[in-house]
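Chemist: Sequence plus the predicted model coming up.
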Amino acid sequence: MSGRVPVSMSVDGRTVDALVEPRTSLGDFLRNDLGLTGTHLGCEMGVCGACLVLLDGQAIHSCLMYAVQANGRAVETVEGLTERRAIADIQKAFHERNALQCGFCTPGMLVTAYELLSHGGAPSRAEIRDALSGNYCRCTGYEAIVDAVDQTAKERQKQAGCPQDGRAAAPGGTKDNAA
Amino acid sequence: MTGALSSLDRPNTYIGRSVSRPNAKRLLAGRGRYVTDLQLPRMLHAAFVRSPYAHANIRSIDASQAAAMTGVHLIATGVDLAKLCKPWVGTLDHFAGMKSSPQLPLAVGKVVWAGQPVVAVVAETRALAEDAAELVAVEFEEIDPVTDVDAARAPGATLINPELGGNVAFHTRIESGKVDEAFRGAAAVVEETLLFGRHTAVTLEPRAIIADYDPSEERLTVHHGTQTPYQFQDIYSRHYGLREARVRVVAPDIGGSFGMKLHVYHEDMAVVGLSMLLGRPVKFVADRLEAFVSDIHARDHRVTARIAVAADGTIRGMEADDVTAIGPYSTYPRTSVVEGNQVVRLIGAPYRFRDYRADLNVVFQNKVQTSQYRAVGHPIACAVTETLVDRAARKLGIDPFEIRRRNIITQDMYPYTSPTGYTFERLSHEACLDKLHALMDYPRLRLEQEALRKQGIHRGIGIAMFVEITNPSPAFYGVGGARISAQDGAIVKITPSGEVHCLISVGEHGQGTETIVGQIVADGLGVDHGAVRVFTGDTDVTPHGGANWACRGAGIGGETALQASRTLKRNILSVAAAILQARPDDLDLRNGEIVDAATGSARLSLGEIARIAYFRSDTLPGGVSPQLTASHHYTPKGFPFAFTNGVQACHVEVDVETGFIKILKVWVVEDCGRIINPMLVEEQVRGGVVQGLGAAFFEECLYSENGQLQNGSLADYLVPMACEMPDIEIAHVETPTQDTELGAKGCGEAGTAAASAAAINAVNDAISPLGASISQIPMTPQRLLRALGHA
Amino acid sequence: MKARAFEYAKATSLQDAFDAFARASGDCCYLAGGQSLIPSLSLRLQAPSLLIDISGIGDMRGVGIVDGMLRIGALTRHAEMLTSPEIARHAPLLRLAAPHVAHPAIRNKGTIGGTIALADPAAEFPAVVLALDAELEIAGPGGRRRTKADGFFKGLYETGLEPGEILTAILVRPFDKRDRCAFDELARRRGDYAIVGAGVQGRFHAEQVEALRIAFLSVGPAPVRARNAESAVRGRTLSPAVIADAQATLHLDLDPAEDAQTSRATRLHLARVLLGRLLGKLAREARNEGGRA
């Protein structure tokens, strides 16, 4: 049988050298080998979004990638994003709006929100829902999550001194027509 | 958030406030600790060889190749575990005549559903255990599967459990009043057969368990993603012959449960036995495919029902026949009969007619077991009632709001006992209906609907009233012989610097139990909310109680916490009185300070009392023995249940060419009694509604004729996702129960109870002008097109 | 749901990949984005003994005009279909289809080459390359070749790729100002595999169709052109009657299967509705812009 192979990658800003079985998914590697259990596995086939992490700054499913493929790449998890305070405002909005219940989907939601909001601007509610379309949440019914992301986007615009994006007030952006 | 109550201006008044959940910050930082995350020293992993057949005899099992693999520690068969584990039977005494066969962790001799675990493999990693499981050779001999409720009951049908003499687990009939007379004299009768698909909970964290048996102390610790740790302490102890005091069940963070995580599962029972055989921790996390073929399913009902109405729309009577398929056994310890029982008992619940008859047949099938999942029976009873009421209204040309106004139980009628024997202390149907009418601006929606119809846009408006069972007394399970507690316990104690710990038997799964208990304790004592820490879910630490099911956390757990904190406050004030040489009645505790009750002037801090009590009790007057820990247990003793009520509306747009439906909006007016935290109540309602919309539009476990689940993956079983779900507007009516001081009732299932009924009514409202109707959920494009005559 | 053990090799060039393939003793798979392959391995539906990671091969990257054709490297990720200005300008049909491909995180990793080489009948891009009349650039141990998308999709997950060959690029004739295109699909939820989907692209002379290609997904074992419908509209203006003629031919070209959720008849019905809407959209655009021209 195939043995373990060496990998070296950046995880949350630190270099990690390890020996992994090629069949070990990045998600299993982060959770079991590195103890980064903030990344959750909900389906192991790329449809629930609980396992999202950033790979070189882009959201990907850690269940749809082998750890060995991350050799030489930079991985960032919810723990890393939290520590460097990159999502502090999103987390605050989620907390205040109760945009989570059991919390199992939350790290994936935060990674999606981080990526969406990193594009700048104020996405409409429909655009937020579209961005979240691959993140399953069984508890909230999504509205609170959309509210929290919406709120953060608006806060960021305010901080940046931008006028409110016109789309936010367009029909697609009003709460009544969000779906 | 909704407005504050009038008493909110006094300090530490938290009841009625939208306090954010302190424990949510941990989850937001990726610091949750779910069972799936736990790794224990020397921990091994289990995987299961499962039956590929729905019904078969096991001819032989050959595990020699697998056993020889490096890294494999144990391979166990049904016979191996049967030597340790006493079988369980999923019946309850109060369901007269119900039958079910004994169950064991792994199949012995025969398999009865596709996916049933047959052989357990324990290895050093899950991947290795799966490798070894592939090498286990099991020879099966197929038997005709029983997969149809009618064929199952036909003469000569194959019997799933031959020793029971039939495939019917339970039959009951309810009859009240003069039903035949009511129908004979009716101006109109509407009859309908409604089909409710099987669906399942799909918690994002699948079932997870680590059993850790220490043979040196004969001590079992189970880390278990469950809603009911106390129930499992009892079950593991009794079925494995362990001393109860040496069985500890810990329920840490749980990634969703919704009623699915309180049943006995074969794998979970097996894992306990495997750990006992190995003397090491054994972990099992159901992967998503295993979850679909082993988590309980729910619903799967076919209800034929009739309603008789007078010309003015007055309901004269109803009749219903429910046939439900439950799997090869009834689940343990709550049975698979409760859902059907609640269907036939809740039909017609909002309305005041007296003549009612219902039959219930609960039928075994070679499919995964069904049992209690969020809103047990309510969505079916509600959909049956509300579609019939809508159809009657349509037939008589009465507006859906109006026909309901003419039939609801009114304020002058409480307490009111339904024809099925449920007693409603006080509900608020009129207020809820009026509030909904205004909230959704019903007249405007009707005008818009008419205008759009002329442009070929088909929108529909549906409403559905509901009554929900919460705060169950021992009448629910205890009387049937189940060791499931209807009481809860709380221990509240003061730490040496004057902060507060509350240990309580109701648990936290994200609904916010710890938050509301903290609010109640802070409010009850008179301390800052931030000074209270709440602990849940550990049978070694928290008092015994029912934990989480049937919406009992706030109503029963909350009252328990309130009474415990009241007791502790009296104790604190008596110590304070001794120190201050005052009368306890003249003192109060506010904001963590002992104050003069009359003037509010501060006398002494709670921290100072704790310091004296714990470190300088020598300075207290003789005879004063400070009791800074208080415990309290509470069970509902008045009404057997606290019923809640409300009404929902759903607004949809149907694409009549494609059968696709866009859900535009949902409105909910609900009455869960005293609201402790409006934000958390509303989020419970929203989440519940979306689960109901999932059932209405997407979710269904599809089986082939030979009992194979055809869509058992998260790619194929369609759960509701963000793009398809609407925003949901919520309003409240508050009718506190007088049974408790707190007055709270449950709110976790109300959303699910009526969402699918409102959705069916909305879709039918949209398509009825085209002469079409639908009476099956989920309402898929295929079914819609069939209803519209396109396919 | 853990994959069986396998060995892993990272190829740095096409030659490197072919060498690894030649050396492999058992089953061997190329791994690009992995968004379909990895779930299949986790489900143990496939169990290769060697995975050859081709995601680092520079030759297979990049989007740009080469010899008058838009060359889209096979490793171009779905997300780039939404952001690349070259795609927007020269192959707008790909851009229209891209939002329907799964979800953002899948689009960040999945590649266009991977989805075409896999040839899932429910995937969007295989049908789109048919509608675009694209050419596929294929490299193998014996050298490079080009083939038309027509004829490439042979059956369920069956393509014209020979063992060991790698799809390296997709070549598309740049979109002309006389061209029009549209894509849509009917999926139960955003990002789901569609019950039925279609891409259309054609050249117009004012309101008249010179030639139009129509390709469907999810209506048979492979993506398929609706050739009879194409004939029905050729040389004509897309009037309601002409569109109805095209719709009426679909049963001749589409062979949808029955599944647990949707009957064959329903899929055909939905294909007709979808085609009607897509052609209606092109007709409106032609009318509006034709008026201005």
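Modeler: Ah, there it is.
Chemist: How about stretch B:194-212 and chain C, touching?
Modeler: No - applying Cβ under 8 Å from any Cβ of the partner chain, one finds stretch B:194-212 separated from chain C by no less than 10.4 Å. The way it works is simple: take the backbone N, C-alpha and C, and place the C-beta from them, glycine included.
Chemist: Kindly export stretch C:115-133 (C-alpha atoms) in PDB.
Modeler: Extracted in PDB, the C-alpha atoms of stretch C:115-133 (Å, rounded to 0.1, in the frame of the first residue of the first chain):
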ATOM      1  CA  THR C 115     -15.900  18.900 -16.500                       C
ATOM      2  CA  ILE C 116     -15.600  18.400 -20.300                       C
ATOM      3  CA  ALA C 117     -13.300  15.300 -19.900                       C
ATOM      4  CA  LEU C 118     -15.700  13.800 -17.400                       C
ATOM      5  CA  ALA C 119     -18.700  14.500 -19.600                       C
ATOM      6  CA  ASP C 120     -21.300  14.400 -16.900                       C
ATOM      7  CA  PRO C 121     -24.600  14.600 -18.900                       C
ATOM      8  CA  ALA C 122     -25.900  17.100 -16.300                       C
ATOM      9  CA  ALA C 123     -22.900  19.400 -16.400                       C
ATOM     10  CA  GLU C 124     -23.300  22.800 -18.100                       C
ATOM     11  CA  PHE C 125     -20.000  23.300 -20.000                       C
ATOM     12  CA  PRO C 126     -20.100  20.100 -22.100                       C
ATOM     13  CA  ALA C 127     -23.400  21.300 -23.600                       C
ATOM     14  CA  VAL C 128     -22.000  24.800 -24.000                       C
ATOM     15  CA  VAL C 129     -19.000  23.700 -26.000                       C
ATOM     16  CA  LEU C 130     -21.400  21.800 -28.300                       C
ATOM     17  CA  ALA C 131     -23.400  25.000 -28.700                       C
ATOM     18  CA  LEU C 132     -20.200  26.900 -29.400                       C
ATOM     19  CA  ASP C 133     -19.100  24.500 -32.000                       C
END
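Chemist: Tell me who's in contact with the closest residue to residue C:132 other than its chain neighbours.
Modeler: Leaving aside its chain neighbours, residue C:132 sits nearest to residue C:172 (5.2 Å; criterion: Cβ to Cβ, 6 or more residues apart in numbering or on different chains). Taking Cβ atoms under 8 Å, 6 or more residues apart in numbering or on different chains as the contact definition, residue C:172 lies against C:69-70, C:72, C:90-91, C:94, C:129, C:132, C:134-135.
Chemist: Highest neighbour count among the residues you listed?
Modeler: For those, the largest number of neighbours (other Cβ atoms under 10 Å in any protein chain shown) sits with residue C:94, at 34 neighbours.
Chemist: How about residue B:729: what's its closest non-neighbour residue?
Modeler: In space, residue B:729 is closest to residue B:667, 4.9 Å off (Cβ to Cβ, 6+ apart).
Chemist: Would you mind measuring from the residue in chain A that chain B sits nearest to to residue A:91?
Modeler: Closest residue of chain A to chain B, Cβ to the nearest Cβ: residue A:38 (2.2 Å). Separation of residue A:38 from residue A:91 (Cβ to Cβ, to the nearest Å): 12 Å.
Chemist: same thing with residue C:239?
Modeler: Taking Cβ to Cβ, one finds residue C:239 at 56 Å from residue A:91.
Chemist: before we move on, what about residue C:249?
Modeler: 56 Å.
Chemist: Please parse chain A into its domains.
Modeler: Split into domains by automatic domain parsing, chain A comes to A:5-82, A:87-168.
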